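A.B. asks: Test case, fold it:
(chains A and B)
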Amino acid sequence: MSELQSALLLKKQLAELNKNPVEGFSAGLIDDSDIYRWEVLLIGPPDTLYEGGFFKAHIYFPKEYPLRPPKMKFITEIWHPNIEKNGDVCISILHEPGDDKWGYEKACERWLPIHTVETIMISVISMLADPNDQSPANVDAAKEWRENFPEFKRKVARCVRRSQEEML
Amino acid sequence: MEMVPETEIQDEGILKQQREIEKEVAEIHPLVGNKQPLTCLLKEYMDDPIYTNKLTKLAGVYQSIRRVRPDGNCFFRGFGFSYFERLLDNEEEWKTFQAIVMGTKDQLISQGFPKFTLEDFFDSFMEVVNRLGGEGKMDAEELSRIFNDAGTSDYLVVYLRLVTSGQLQKEEDFYQNFLEGGKSMREFCQQEVEPMYRESDHMHAIALGSALKVGIRVVYLDRGEITTSPPEHDFPEDCTPSVYLLYRPGHYDILYK
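C.D. replies: Next up is the predicted model:
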């Protein structure tokens, strides 16, 4: 029953997102037969270093969704303090309360059953615009962001360019 | 600020251990158990004179108990089951409750809860509520089946949590007097009310009872030495209770007179 409900909710969300797309990203499935594995294409948010980029990411939902959070991984190479070098996204809303692996401040917003793909993507977009260097997943990127911003910018610009080439 | 690998490993270990404990609890305890005579608790506390004394007094008022799985959701699950069970025998009250629940959806959406998921939880909740009376009325056995189906049961809990969160934020001026540690109401709701498996206290009880206009009486049973009967509290204050819960530190079960 739990599985059925999570699948239904995901199907409904996918249909809704296809019918009424949300600015900033598009969503589909990695494999049409598996509703639990999504592929999203995130458009680098305007007025950020990532502007103009097309970043592909995968979202993996557990069967217990929406009671437990999905995981998200960038497939396109991206340089950001809160994204691991292997692409894993580390933002507080993808973690349950009590899961303190990343040492988030207590006040950070955590996973809630009410979250949708849309609210996750809004958080990711805001993360791109505004990195949180209190809990970096990519320590090198965080250090660079703080101490050598020109080099950080250069690396991000390279990712943006590559992402555009991959789209061609 | 720097990542400390040892902490990370330790925390992952703790998290894994926590999941294992959760799994064990799930195997031993049904989400909502069968009704048992209250005296069954006496056996549990045979060697504890304080509990035995209190339980004996309690048994003069309450006949039976229905255990709820101790997974942090027990307040909401216990409340839901107990009140729904009552509605099965109270057609008029059921109609009133239906109207109250109908009103919660627009209220929560107007408070800014994401419509998409909110509607999903609301629809599941309403589907069960609609069958507590009228023509397609379910029986007690089916209610118990529904509450023991993890998917549906947890959805009901989520909706009750959302209603509670909405009420706390709507009446923030009143409830913020109970807040400790400089948290904002929104933070409290996002950390202690809306997430599954987070335990509840009197704030949750007052808010849920007020939002759904259901009186909740909680009987407190602990090792505190008293000579009178175990203390009882009604939420909201001065209500006529229609749900009775037994609280032992960290856990709620359902009580019956």
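
A.B. asks: which SSE is the most centrally placed residue in chain A in?
C.D. replies: Residue closest to the average C-alpha location in chain A (CA atoms, centre = their mean): A:V124, at 4.6 Å. Assessed by DSSP states H and E, A:V124 sits inside helix A:117-129.

A.B. asks: pLDDT of stretch A:124-139, averaged?
C.D. replies: Averaging pLDDT along stretch A:124-139 yields 88.

A.B. asks: Excluding residues flanking it in the chain, which one is nearest A:V156?
C.D. replies: A:L49 (4.4 Å; CB to CB, 6 or more residues apart in numbering or on different chains). C-betas here are computed from N, CA, C, even on glycine.

A.B. asks: so the residue nearest to the centre of chain A sits right up against A:I93, yeah?
C.D. replies: No. Look at A:V124 against A:I93 with CB atoms under 8 Å: they stay out of range, at 9.2 Å.

A.B. asks: hang on, the earlier thing: ok, the residue nearest to A:V156 - how many residues close by?
C.D. replies: Using other CB atoms under 10 Å in any protein chain shown, A:L49 has 23 neighbouring residues.

A.B. asks: Using the three-state scheme, assign it.
C.D. replies: Classification of A:L49 by DSSP: H, G, I helix; E, B strand; the rest coil places it in coil.

A.B. asks: Next one: it from chain B, what distance?
C.D. replies: Going from A:L49 to chain B by CB to the nearest CB, to the nearest Å gives 22 Å.

A.B. asks: Can you report phi and psi for that residue?
C.D. replies: Backbone torsions of A:L49, given as degrees, to the nearest 10, read phi -60, psi -20.

A.B. asks: That one and A:P150 touch, don't they?
C.D. replies: No. Using CB under 8 Å, A:L49 is not in contact with A:P150; the gap is 11.4 Å.

A.B. asks: follow-up on the earlier one: ok, the helix or strand following the helix holding A:V124 near chain B or not?
C.D. replies: Next along the chain after helix A:117-129, taking DSSP H and E as the criterion, comes helix A:139-147. Yes. Using CB under 8 Å from any CB of the partner chain, we find that helix A:139-147 touches chain B at A:V139.

A.B. asks: Now do the following helix or strand past helix A:139-147: which elements does it pack against?
C.D. replies: Going down the chain from helix A:139-147, the next helix or strand is helix A:149-167, by DSSP H and E. Identification of packing neighbours for helix A:149-167 by 3 or more CB pairs under 8 Å, 6 or more residues apart in numbering or on different chains; DSSP states H and E yields strand A:54-60, helix A:139-147.

A.B. asks: how deep is A:P70 tucked in, by neighbour count?
C.D. replies: With other CB under 10 Å as criterion, A:P70 counts 20.

A.B. asks: thinking it is in contact with A:I120, fair?
C.D. replies: Yes. Applying CB under 8 Å as the test, A:P70 and A:I120 come out as touching, 7.3 Å apart.

A.B. asks: ok now do B:Y247, which residues does it touch?
C.D. replies: By CB atoms under 8 Å, 6 or more residues apart in numbering or on different chains, the contact set of B:Y247 is B:218-221.

A.B. asks: I'd guess it is in a strand, am I close?
C.D. replies: Yes. Under three-state DSSP, B:Y247 falls within a strand.

A.B. asks: which neighbours do A:P70 and A:I120 share?
C.D. replies: In contact with both A:P70 and A:I120: A:59, A:94, using CB under 8 Å, 6+ apart.

A.B. asks: secondary structure element for B:D234?
C.D. replies: With DSSP H and E as the criterion, the answer for B:D234 is strand B:232-235.

A.B. asks: for A:L42, same thing?
C.D. replies: strand A:37-43.

A.B. asks: Dump that strand to PDB, restricted to CA.
C.D. replies: C-alpha atoms of strand A:37-43 as PDB (Å, rounded to 0.1, in the frame of the first residue of the first chain):
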ATOM      1  CA  ARG A  37      13.900   7.500 -10.700                       C
ATOM      2  CA  TRP A  38      13.600  11.000 -12.200                       C
ATOM      3  CA  GLU A  39      15.800  13.000 -14.500                       C
ATOM      4  CA  VAL A  40      15.600  16.700 -14.200                       C
ATOM      5  CA  LEU A  41      17.200  19.400 -16.400                       C
ATOM      6  CA  LEU A  42      18.000  22.400 -14.400                       C
ATOM      7  CA  ILE A  43      18.600  25.700 -16.100                       C
END
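
A.B. asks: so of the helices and strands packed on helix A:149-167, which one's packed in deepest?
C.D. replies: Compared across the helices and strands packed on helix A:149-167, strand A:54-60 shows the largest average neighbour count, a mean of 19 (mean count of other CB atoms under 10 Å in any protein chain shown).

A.B. asks: how about whichever helix or strand comes after it: buried residues?
C.D. replies: As assigned by DSSP H and E, the chain's next helix or strand after strand A:54-60 is strand A:71-74. Residues A:72, A:74 are the ones in strand A:71-74 that count as buried (16 or more other CB atoms under 10 Å in any protein chain shown).

A.B. asks: now do stretch B:164-175
C.D. replies: B:164-170, B:175.

A.B. asks: Narrow those to those in helices?
C.D. replies: B:164-170, B:175 (DSSP state H).

A.B. asks: any idea which of the residues you listed is closest to B:H202?
C.D. replies: B:Y175 (10.6 Å; CB to CB).

A.B. asks: thinking again about what came up before, among the contacts of B:Y247, which ones lie close to chain A?
C.D. replies: Of these, not one also sits near chain A (CB under 8 Å from any CB).

A.B. asks: Specify the local secondary structure of the closest residue to B:G215 other than its chain neighbours.
C.D. replies: In space, and not counting its chain neighbours, B:G215 is closest to B:C239: 3.2 Å by CB to CB, 6+ apart. Under the three-state scheme (three-state DSSP), B:C239 adopts coil.

A.B. asks: All set, thanks.
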